[in-house]
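>>> how does the following fold in three dimensions:
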Amino acid sequence: MKLKPYLIIFLIFFALTACSKQPETIEPQSEEIPVVEPKTISIWLPPYLPEKLAKSQKQADGLVVYASQGSADLILDVSDESLVAEWVYVLAAPFPTVEDEISSREMIGLWSGSQTDGLPFDELLVDGGTKAILERLWGPASVQNVRVVSKNDLITAAWDKQTAWAIIPFEMVEPRWKVIAVDSQSPLGKSFNPQLYPLMVPFSVVGDPAMTADFQSRFGLESQAPVFTQSNRDAGKLTTVMVTGVTALVGGTAFLMDRNGITYPSIDIGDLLRSADILHINNEVSFSPSCSSNPFTDRANLILCSKPQYIQLLEAIGTDVVELAGDHFIDQSDEAMLNTIDMYEQRGWKYYGGGRDYQDGIKPALFEHNGNKIAFIGCNAKAPGYARASAATPGSVHCDMDLMADEVRQTKAEGYQPIFTFQHIEYYAYNINPNLVEDFHRAADAGAVIVSGSQAHMPHGFEFYKGSMLHYGLGNLFFDQYNESQEQRMAFIDEHIFYENRYIGTRLVTIQFIDWARPRFMTEDERSELLRNVFFASGW
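Residues are numbered from 1 along each chain as shown. Predicted structure coming up:
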């Protein structure tokens, strides 16, 4: 029997499908993308780079630091072509230097030897690395006017000669240096403008443009983890602490506040005081509602008080911490002292050197600002009758130096930088009174980085002792001794600078009273005369 063609086709298809094995399901496999390692970049760091800048290089994959220039792809050098860092340098003089500022023209003129007359210094000291860097900016240094000194010997060499100043990187600033402003710009100032400062040094990677771009994208300032530090000065790590002398809003000061307005005493210096990150006020007198409307009534007996509304002056200047170790804190009643402390606490101000009782009074006043930890500790070193704080009564704390030294050591161990202030013996001369020296040294020996005499009614001398700065007396801030002597019309405000939780220096503000209540900034001639007198009295 013949099969029809379509049936033959069907039978063949059936046989084939029945006998064949069905294919297994094959899972699709992900395609592996090969990782392309970025090309290693080699870089050379010249030996004259600032140590902190060189050390900031991290051990990042793909970056190799060559020991010599050789065939390195890139060099980190003084240049602004492909910026990696801007380094702040400082013109520094010995602390007992009268001059505050020079121009960049004068500074560079001495460097090159083109200007040597009429300057307050006749020699610039630099270490070898700084000399090499500045020569790339300003050209060859004058052989007569520029001297290379070991980094560790710069400050000794400057102090030995006095008319030798130095150029150092900002990280080398320490209290025995006075930072000189150049073109009105000081790196210690809060208003510092790097764009106007002639001692900003740019550092860039220099080499093949493509390699430079690759470096910047992987390791530069715009990368996720830059290899190099942008600058050695970060304004966010700086803290300014202003310490002031005697404030007593009584007598003639009170009279002029009543007549001219409560904030009258601060008209000229208020902006400066408000600019401090931490402002210390040594207010020696309690506020009392019963204080006489006649400010001169009790002055003859030295029984002092302040009207409660006078606290508006302390508010207006930006007070942060009040010293209570003053002689006249106890002049009114226990109630007046406690109410005064209440007034401070209501405003968020801290206090020390006295308190609600003895234990309250010996506690340090603690601050943390921009990574800096500052502590205020103080006491009254006069006869115990002035300092009556006890286990049960308020008042100022009498100085038990063994106990106070323990407080300083404990505070230091907790990472704070202690500022110790004394209400000590009053005397009327610029020189350092030998009767104060032992107590000031004991505070410094315990770890106080600054020791300051709050008791003084006129300026006294300075001392550097074991790395600490000792100022034996500042003079009055707001107190009515205008007619008592010319010296009692003059005073200091000490602006202490902290950076990376380290005390690095002090700027001296000089003020002159024009009446019973109001100080103004000194003229240039007044300031020069005072600084010369006090520095000479300090043995400098």
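>>> and for the closest residue to G113 other than its chain neighbours, the neighbour number?
Spatially, and ignoring its direct neighbours in sequence, G113 is nearest to S142 (3.3 Å; C-beta to C-beta, 6 or more residues apart in numbering). For every residue, glycine as well, the C-beta is placed using N, CA and C. Neighbourhood size, S142 [other C-beta atoms under 10 Å]: 17.
>>> now swap in Q216 and tell me
For Q216, using other C-beta under 10 Å, the count is 18.
>>> how about the one 3 residues further on?
Residues contacting F219 under the criterion other C-beta under 10 Å number 23.
>>> now do the contacts for it.
By C-beta atoms under 8 Å, 6 or more residues apart in numbering, the contact set of F219 is I41, A60, L63, P226, V227, F228.
>>> and the fourth one, what does it touch?
Put plainly, it is P226. F219, G220.
>>> helix or strand for it, which one?
Assigned by DSSP states H and E, P226 falls within no helix or strand.
>>> looks to me like the residue nearest to G113 is in a helix.
No. Checked against DSSP: H, G, I helix; E, B strand; the rest coil, S142 lies outside a helix; its state is coil.
>>> and it, what does it touch?
L110, W111, S112, G113.
>>> ok, R518 next?
R518 neighbours (C-beta under 8 Å, 6+ apart): L256, Y264, P265, I267, D268.
>>> now, which of the residues you listed sits nearest W516?
L256 (5.5 Å; C-beta to C-beta).
>>> show me where the protein dips below the pLDDT cut-off.
Where the chain drops to pLDDT under 70, the residues are 1-38, 57-60, 225, 293-301.
>>> what do you get if the cut-off is 90, keeping everything else the same?
1-43, 51-73, 81-84, 115-118, 190, 207-230, 290-303, 383-386 (pLDDT under 90).
>>> bridged to V206, which residues?
I75 (DSSP bridges).
>>> so what's it up against?
V206 touches L74, I75, L76, D77, S79, E81, S82, T212, counting by C-beta under 8 Å, 6+ apart.
>>> and what of Q185?
Applying C-beta under 8 Å, 6+ apart, the residues near Q185 are F192, N193, L196, Y197.
>>> same check, this time on R176
R176 touches P94, F95, I155, W159, F464, counting by C-beta under 8 Å, 6+ apart.
>>> hmm, P94 and the fourth one touching each other?
Same thing as W159. Yes. Counting by C-beta atoms under 8 Å, W159 does reach P94; the two are 4.8 Å apart.
>>> show me which of those two is the more surrounded one.
P94 (22 against 17).
>>> in contact with that one, which residues?
Counting by C-beta under 8 Å, 6+ apart, the residues that P94 touches are I155, A158, W159, Q162, R176, W177, K178.
>>> out of the residues you listed, grab the one that's most surrounded.
Neighbour-wise, those (other C-beta under 10 Å) top out at A158, 26 neighbours.
>>> element containing it?
Assigned by DSSP H and E, A158 falls in helix 154-161.
>>> alpha carbons of that helix, as CSV, please.
C-alpha atoms of helix 154-161 as CSV (Å, rounded to 0.1, in the frame of the first residue of the first chain):
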residue,chain,number,x,y,z
LEU,A,154,66.3,79.7,65.6
ILE,A,155,64.5,81.1,68.7
THR,A,156,67.7,81.1,70.8
ALA,A,157,69.6,82.9,68.1
ALA,A,158,66.9,85.5,67.7
TRP,A,159,66.7,86.2,71.5
ASP,A,160,70.5,86.4,71.8
LYS,A,161,70.6,89.2,69.2
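>>> returning to that earlier point: dump the contacts of F219 to TSV, plus distance to E106.
Below are the contacts of F219 laid out as TSV (distance: C-beta to C-beta, whole Å):
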residue	distance to E106
I41	42
A60	43
L63	41
P226	36
V227	37
F228	32
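>>> closest to P50 out of these?
For those, the nearest to P50 is F228 (11.0 Å; C-beta to C-beta).
>>> that closest one and L83 touch, don't they?
No. With contact defined as C-beta under 8 Å, F228 does not reach L83; the gap is 10.0 Å.
>>> neighbour count winner among those two?
Applying other C-beta under 10 Å to F228 and L83 shows that F228 carries more neighbours, namely 18 against 15.
>>> where does the more buried one sit: helix, strand or coil?
Assignment for F228 (three-state DSSP): coil.
>>> all set now, cheers.
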